[in-house]
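K.L.:
mind looking at a prediction? Sequence and model below.
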Amino acid sequence: MKNQHQEHHVIGIPVSSSAFPVDTMNKLGKKADSFINGVREHVRLATNFSETVKGKLRLGARILKVGGVERIFKQFFVVREREKLIKASQCYLSTTAGPIAGLLFISTDKIAFCSERAIKFSSANGELVRIYYKVLIPLRKIKIANQSENTKKPSQKYIEIVTTDNFEFWFMGFLNYQKAFKYLQQTLSQCPHA
């Protein structure tokens, strides 16, 4: 026989709870949505999902093998004595041949990008050569850094960097676009030459 005085419990967080205010829950929800959109955009830019996963695993293995992103930064770029790495972000660099997956490094001296894997091309003597695609922009050479988004698909966000000699670099597919742009803006604002 069932207990006729059985209580029914509601499990959840009350809307008026001071432990988890609605504003905090909304912010957490927005951050999660932003991150999920970043992951979706990052994967969408890849030519093949399984190749993207393999590339991320190779990149993760390389980061672990070398001893962290700071060591990768120092391995691929000349780092000055007092230069500090501020942020490294996975993203894509837009090129005429299509997007290239890699790491965007923001340091106290430069913005640098290195592809996550070596790219094959033919050398002048016809040999097949594999090199990493790299971009290095000294902060003092950056005229402006802009946020941009696809008007038809607002989840597709870009960072445009224009140099003093009017070269444009477009970075996209960030896992955390807002954080990457925030660190870029903070770094540029602290650079006396930018």
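P.N.:
Happy to help now that I have it. Residues are numbered from 1 along each chain as shown.
K.L.:
name the nearest residue to residue 70, ignoring sequence neighbours.
P.N.:
In space, and not counting its chain neighbours, residue 70 is closest to residue 85: 5.0 Å by C-beta to C-beta, 6 or more residues apart in numbering. Backbone N, C-alpha and C define where each C-beta goes, glycine included.
K.L.:
ok, now which ones touch that neighbour?
P.N.:
69-70, 73, 105-107 (C-beta atoms under 8 Å, 6 or more residues apart in numbering).
K.L.:
most neighbours among the residues you listed, please name it.
P.N.:
Among the contacts of residue 85, residue 105 has the most neighbours (other C-beta atoms under 10 Å), with 25 neighbours.
K.L.:
who's in contact with residue 190?
P.N.:
residue 108.
K.L.:
do that again at 7 Å, thanks
P.N.:
Under the criterion of C-beta atoms under 7 Å, 6 or more residues apart in numbering, residue 190 has no neighbours.
K.L.:
coming back round to it: can you put the contacts of residue 85 in a markdown table and add distance to residue 175?
P.N.:
Converted to a markdown table, the contacts of residue 85 look like this (distance: C-beta to C-beta, whole Å):
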| residue | distance to residue 175 |
| --- | --- |
| 69 | 13 |
| 70 | 18 |
| 73 | 18 |
| 105 | 15 |
| 106 | 15 |
| 107 | 19 |
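K.L.:
which strand residues bridge the residue nearest to residue 70?
P.N.:
Residue 85 has these beta-bridge partners by DSSP bridges: residue 107.
K.L.:
could you pull out the helices for this structure?
P.N.:
22-44, 49-66, 69-76, 177-190 (DSSP state H).
K.L.:
by mean pLDDT, show me the worst of these.
P.N.:
When these are compared by mean pLDDT, helix 22-44 comes last with a mean of 46.
K.L.:
excluding its own residues, what touches stretch 137-150? List them.
P.N.:
For stretch 137-150, contacts defined as C-beta under 7 Å, 6+ apart pick out 109-111, 156-164, 169, 181, 184-185, 187-188, 191, 193-194.
K.L.:
thinking again about what came up before, max pairwise distance over the contacts of residue 85: which two?
P.N.:
Longest distance between any two of these is 12.1 Å, between 70 and 106; criterion C-beta to C-beta.
K.L.:
of the contacts of stretch 137-150, grab the buried ones for PyMOL.
P.N.:
To isolate the buried ones among these in PyMOL, judged by 16 or more other C-beta atoms under 10 Å, type:
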select buried, resi 109+110+111+156+157+158+159+161+162+169+181+184+187+188+194
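K.L.:
can you report how many residues lie near the closest residue to residue 131 other than its chain neighbours?
P.N.:
Distance criterion C-beta to C-beta, 6+ apart; nearest residue to residue 131, sequence neighbours excluded, is residue 118 at 5.9 Å. Residues within reach of residue 118, counting by other C-beta under 10 Å, total 11.
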